[in-house]
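Student: quick check, what structure comes out for this input:
(2 chains, ligands or ions: 2)
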Amino acid sequence: MAALLQRDIGSRGAPLLCLSNVFKKYVNNGQELIALQDLSFSVFPREFVCILGPSGCGKTTLLRIIAGLEPDYQGMVTLEGEPIRGPGLERGIVFQEHRLLPWLTVNENLELVLHKSNNGDRREFIHSYVELVGLSGFEDAYPSQLSGGMAQRVAIARALINKPRLLLMDEPFGALDALTRLRMQQEILRIWTKEKTTILMVTHDIEEAVYLGDKIIVLSGRPATIKRIVEVNIPRERKRIEPQFLQVRQQLYNELMQE
Amino acid sequence: MATVLRGEHSENRLPAMLDTIGKKGLLPISFLLLWHWITTSGRVKQILLPSPENVFLALIETLSSGELVHHLETSLVRVMEGFALAAFLGIGLGMALGLSPLLNQMAEGVIQLLRPIPPIAWLPLAILWFGIEEGSKVFIITLGAFFPIFLNVLQGIKQTNENVVEVARVFKVPWPKFILKVIVPGSMPFVVAGLRIGLGYAWMCVVAAELSGGMSGIGYMLMDSRALARTDRVLAGMLAIGAVGKSMDYLLQWFERKIIRWRRFYNGI
Ligand SMILES: Nc1ncnc2c1ncn2[C@@H]1O[C@H](COP(=O)(O)OP(=O)(O)O)[C@@H](O)[C@H]1O
Ligand SMILES: [Mg+2]
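Tutor: Numbering: from 1, shown residues only, chains lettered A, B, ... in the order given. Ligands and ions are numbered 1, 2, ... in the order given. From the prediction side, this is the model:
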C-alpha cells in the first residue's frame, strides 16, 4: 500500500485528498456497528474516482466524513496535506437526494450558498452555473416543478458554484430512470472536463463506475474495507460495448459477487 | 402560477355552480326548514327560540339602526389590537426560543404553568390592572391569541428538516441568511397556521370578555338583548359573530396561499 502511494505521488504530484486508516463505528442503542474499517486511499488533482460498493456498506458514511459532517471517527483525512476540520467550501457535495430548498427557486437555491463578495455580477455568475448544468430558462422554477434529473442538475450546480477543489457525489443518479442516468453520466463528464475539478463519486452501479472512473475503489460489504483499487485505463470517450470496457466490468462484477 | 384550470371550461360553469350550491346548501337549508317548522308550530316559545324570519328581521333592524355595525366595529378594533400584539410577541418569542435552546429551557416551566389557564380566567385580574373597558379586553385577547401563535412558531422552527440544515452547514451559509432563507420560510406554514388559530381565539376571547363586563362590543349587545328579552337580537348577534369570524379566517387563508406558493396542498381523496 505504502509503495503504491509512493508511486502515485511520484507520477502525479501531491494527492488532493488522502485517507489513512479511517475507522468509523456507530452505536445504535448500546450496540456497536462498525461502518468503516481501516480505509486508506488517495485522490489526485483532476482525477475522477468512483467508490463502488453494495448498499449499506458505508459509502455515505465515508463521504460524510470527507465532507466534514461526521466529526466522530478514527484515522486521518487530509485535504492538500491539511487535516479536515468540519465542512469547507473547497469541498462541494451532491447528496443522495437533491436536498434543494422547496421554498426557493433554482436561482435562489444557488444564491443561498454562493460566497462571493462582489454583488454586481452575482446574478450573472449564478446564471453561468445554471447554464453549465443545462437549465437555462428554469431559473425561477421551484424544485417541485422540476423532474428528478433537473433537480439533481441544480444540486450539481450548487455543489460547484463556490469552485470547490473536490466535488463529492453520493449516488447522485441513483434515483433517476435508466435513460436520464445515461444522459447525466455524459453531462457530469462534460462538466468535469469544463470545470477542471476533481470528483469523488459514490455509486453502486458497476457500469457507471467503469464509464466514469479513472480509478475505482471497490468496497466490501459491511464493515466497508477496501477490496481492490482498480485503475481504469480505457481512453475517453468510453464506449460501453468495447471489449476493454466489458472486461473491466466483468472483473468488477466477479469481485463484488464473491461475498 | 396558481391558476385554476377549471376556469377554462366556461360552458360547464353554471351546472358546476348549481352542483356546488346543491352540495353545500343541502344541510343549511334542511336545518333552516326544521328550525322554521319547530318555531312556527307553536311548540317552542319565541323567547326561547325565535323563528328564523324574526331573527332575519332583527338582523335588518340592528343593521339599519347602526347598532350592529357599531358594536362589531368596537369588538373588531379590540381584536385587531390584541391580535397584533399577540402576533408580535408570539412570533418574536417563538423565534427566540426556537433558535436558542438555553432560552427555551429557561422559559419552559413558566410557559407550561401559564398555558392551561383559560384566558378568560385572567379577567378579574385584568379588570383590576387595566380597567373594565379597552385595556382588560385587549389583554385577554392578546393572551388568548398569543399561545397558539407562539407554540406554532416554536413547532415550526423545531420541525425544520435536518437535511436542509445540513445543506446550510456544508455550504457555510452565514447565520442571518440561514434564518431568513431557511428557518423562516421553512416554518412559515406553521406560523400562518398559528396566526389563523390565534385569530379565531382572539375573536372568541373578545366575545367572552364582553359578555362578562363592559358597555360596548358585540358581546355586550348579546347580553343587553337578553336583558331586554330580545332573543331574536341575541341570535342575530350570534350570526354576525360567526360571519365575521369566518371572514377573518378567509382573509388569513387567502394570505396563506399568497405567501406559501411553493407548497402543494392536499385536497383529499
Ligand atoms: N447516523 C447513523 N447512526 C447509526 N447507524 C448508521 C448511521 N448512518 C448509517 N448507519 C449505518 O451504517 C451503515 C452504513 O450506512 P451508509 O453509510 O448509509 O451506507 P451506504 O451509503 O453504503 O448505503 C448502515 O448499516 C447504516 O445502518
Ligand atoms: Mg448511501
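Student: flag the shaky bits of chain A, pLDDT-wise.
Tutor: Within chain A, the set of residues satisfying pLDDT under 70 comprises A:1-12, A:117-120, A:259.
Student: now the helices for it?
Tutor: Listed in chain order, the helices found in chain A under DSSP state H are A:2-12, A:59-67, A:106-113, A:122-132, A:148-160, A:178-195, A:206-212, A:243-257.
Student: in JSON lines: those, plus distance to chain B and mean neighbour count.
Tutor: Where C-beta positions appear, they are placed from N, C-alpha and C, glycine not excepted. Written out in JSON lines, the entries for those read as follows (distance: least, C-beta to the nearest C-beta, whole Å; neighbours: other C-beta atoms under 10 Å in any protein chain shown):
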{"stretch": "helix A:2-12", "distance to chain B": "28", "mean neighbour count": "11"}
{"stretch": "helix A:59-67", "distance to chain B": "6", "mean neighbour count": "22"}
{"stretch": "helix A:106-113", "distance to chain B": "4", "mean neighbour count": "22"}
{"stretch": "helix A:122-132", "distance to chain B": "13", "mean neighbour count": "15"}
{"stretch": "helix A:148-160", "distance to chain B": "7", "mean neighbour count": "23"}
{"stretch": "helix A:178-195", "distance to chain B": "17", "mean neighbour count": "16"}
{"stretch": "helix A:206-212", "distance to chain B": "23", "mean neighbour count": "23"}
{"stretch": "helix A:243-257", "distance to chain B": "29", "mean neighbour count": "14"}
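Student: how about the ones you listed, which one is nearest B:Ile260?
Tutor: Counting by C-beta to C-beta, B:Ile260 lies closest to helix A:106-113 out of the helices of chain A; the figure is 14.9 Å.
Student: can you give the contact residues for the closest one?
Tutor: Contact with helix A:106-113 is made by A:100-101, A:104, A:122-123, A:126, A:129-130, A:135, A:138-141, A:143, A:146, A:154, A:157-158, A:161-162, B:167-168, B:171-173, B:177, B:181-182, as judged by C-beta atoms under 8 Å, 6 or more residues apart in numbering or on different chains.
Student: list only buried entries from the residues you listed.
Tutor: Burial by neighbour count, judged by 16 or more other C-beta atoms under 10 Å in any protein chain shown, picks out A:100-101, A:104, A:126, A:129-130, A:135, A:138-139, A:141, A:143, A:146, A:154, A:157-158, A:161-162, B:167-168, B:171, B:173, B:181-182 from the contacts of helix A:106-113.
Student: give me the neighbour count for residue 235.
Tutor: Picking chain A for this. Burial of A:Pro235 is recorded as 7 neighbouring residues (other C-beta atoms under 10 Å in any protein chain shown).
Student: um, chain B though
Tutor: The burial metric for B:Leu235, expressed as a neighbour count using other C-beta under 10 Å, is 20.
Student: list the contacts for it?
Tutor: Contacts for B:Leu235 (C-beta under 8 Å, 6+ apart) come out as B:Pro50, B:Val55, B:Ala58.
Student: B:Ser100 versus that one, what's the distance?
Tutor: In this view, B:Leu235 and B:Ser100 are 49 Å apart by C-beta to C-beta, to the nearest Å.
Student: what of B:Glu73?
Tutor: Distance, B:Glu73 to B:Ser100, by C-beta to C-beta: 40 Å.
Student: residue contacts, B:Gln159?
Tutor: For B:Gln159, counting by C-beta under 8 Å, 6+ apart, the contacting residues are B:Ser187, B:Phe190.
Student: how about the residues of chain A by ligand 1?
Tutor: When proximity is defined as C-beta under 6 Å from any ligand atom, chain A approaches ligand 1 at A:26, A:28, A:33, A:35, A:53, A:55-61, A:222.
Student: now that we have those, which one has the most neighbours?
Tutor: Neighbour counts for these were taken using other C-beta under 10 Å; the highest belongs to A:Gly58, with 27 neighbours.
Student: would you map the strands across the stretch 1-150 of chain A?
Tutor: Listed from the start of the chain, the stretch 1-150 of chain A has strands (DSSP state E, counting those that start in this stretch) covering A:17-28, A:31-43, A:48-52, A:74-79, A:82-83, A:91-94.
Student: and the last one, how far from the chain's centre?
Tutor: Counting by C-alpha atoms, centre = their mean, to the nearest Å, strand A:91-94 is centred 8 Å from the centre of its parent chain.
Student: how about the longest one?
Tutor: On the basis of C-alpha atoms, centre = their mean, strand A:31-43 sits 17 Å off its chain's mean C-alpha point.
Student: buried residues, it. List them.
Tutor: Neighbour-count burial for strand A:31-43 flags A:Ala35, A:Leu36, A:Gln37, A:Leu39, A:Ser40, A:Phe41, A:Ser42, A:Val43 (criterion: 16+ other C-beta under 10 Å).
Student: strand A:48-52 and that strand, what's the angle between them?
Tutor: Relative orientation of strand A:31-43 with respect to strand A:48-52: 150 degrees, computed using axes from the mean of the first three to the mean of the last three C-alpha atoms, to 10 degrees.
Student: which other helices and strands does strand A:31-43 contact?
Tutor: On a contact count with 3 or more C-beta pairs under 8 Å, 6 or more residues apart in numbering or on different chains; DSSP states H and E, strand A:31-43 meets strand A:17-28, helix A:59-67, strand A:226-231.
Student: domain ranges for the chain, per the record?
Tutor: Here I'm looking at chain A. Structurally, chain A divides into domains by automatic domain parsing as follows: A:4-90+A:166-257, A:95-163.
Student: try chain B instead
Tutor: Chain B is divided into the following domains under automatic domain parsing: B:1-36, B:52-259.
Student: out of these, flag the one nearest A:Leu179.
Tutor: With respect to A:Leu179, and counting by C-beta to C-beta, the nearest of the domains of chain B is domain B:52-259 at 27.3 Å.
Student: the closest one - what's its average pLDDT?
Tutor: In this model, domain B:52-259 carries a mean pLDDT of 93.
Student: ends of that domain, what's the gap?
Tutor: Between the start and the finish of domain B:52-259 there is a gap of 40 Å, counting by C-alpha to C-alpha, to the nearest Å.
Student: hmm, it in reach of ligand 1?
Tutor: No. Domain B:52-259 lies out of reach of ligand 1 by C-beta under 6 Å from any ligand atom, never closer than 10.7 Å.
Student: can you give me the helices for the stretch 51-200 of chain B?
Tutor: B:52-64, B:67-99, B:101-114, B:123-130, B:134-158, B:162-170, B:175-178, B:184-212 (DSSP state H, counting those that start in this stretch).
Student: can you give me how far the fourth one is from the chain middle?
Tutor: What it means is helix B:123-130. Chain-centre distance of helix B:123-130: 24 Å, with C-alpha atoms, centre = their mean.
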